[in-house]
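>>> Here is my input; please provide its structure:
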Amino acid sequence: MSSLRKNPAKIFVKVRADHLLDGSTRPLMLRSEDGPTLRIDRVLDVREAPSLKAGGQGVRYTCMVQGRQLYLFNDEPYWFIEAQD
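Next up, the predicted model:
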């Protein structure tokens, strides 16, 4: 495991996504290593942005999951969410 994956502020998830013809990616579902699979209800925003707590760089997806707003980060090749305080 690389040192990148040892950051305690990052919760790494597996993501099922559509790769669209225009080259963009749309996440559909996510699952942490020990959690249930959660359907992403809606993607509200997509932008290049670092995680403020966990560092890194890449694309931030602002998503609605079960009525809650969630920041999902894609820092190739990893997907993660920030750990909650």
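
>>> which non-adjacent residue is nearest residue 8?
Once flanking residues are discounted, residue 8 sits nearest to residue 83: 6.6 Å by Cβ to Cβ, 6 or more residues apart in numbering. Every residue, glycine included, has its C-beta placed from N, CA and C.

>>> For burial, what's the neighbour tally of the one you found?
Residues within reach of residue 83, counting by other Cβ atoms under 10 Å, total 12.

>>> so it sits right up against residue 12, yeah?
No: counting by Cβ atoms under 8 Å, residue 83 sits too far from residue 12 to count as a contact (10.6 Å).

>>> and the one residue sitting closest to the centre of the chain, how far is that from residue 45?
Centroid-nearest residue in the chain, with Cα atoms, centre = their mean: residue 72, separated by 2.6 Å. Distance of residue 72 to residue 45, computed by Cβ to Cβ, to the nearest Å: 11 Å.

>>> shared neighbours of these two, anything?
Listed as contacting both residue 72 and residue 45 by Cβ atoms under 8 Å, 6 or more residues apart in numbering are 60, 61, 62.

>>> out of these, which are buried?
60, 61 (16 or more other Cβ atoms under 10 Å).

>>> Would you convert the shared contacts of residue 72 and residue 45 into a markdown table that also reports distance to residue 79, pLDDT and secondary structure?
Formatted as a markdown table, the shared contacts of residue 72 and residue 45 follow (distance: Cβ to Cβ, whole Å; pLDDT from 0 to 100; DSSP: H, G, I helix; E, B strand; the rest coil):
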| residue | distance to residue 79 | pLDDT | secondary structure |
| --- | --- | --- | --- |
| 60 | 11 | 93 | strand |
| 61 | 9 | 95 | strand |
| 62 | 14 | 94 | strand |
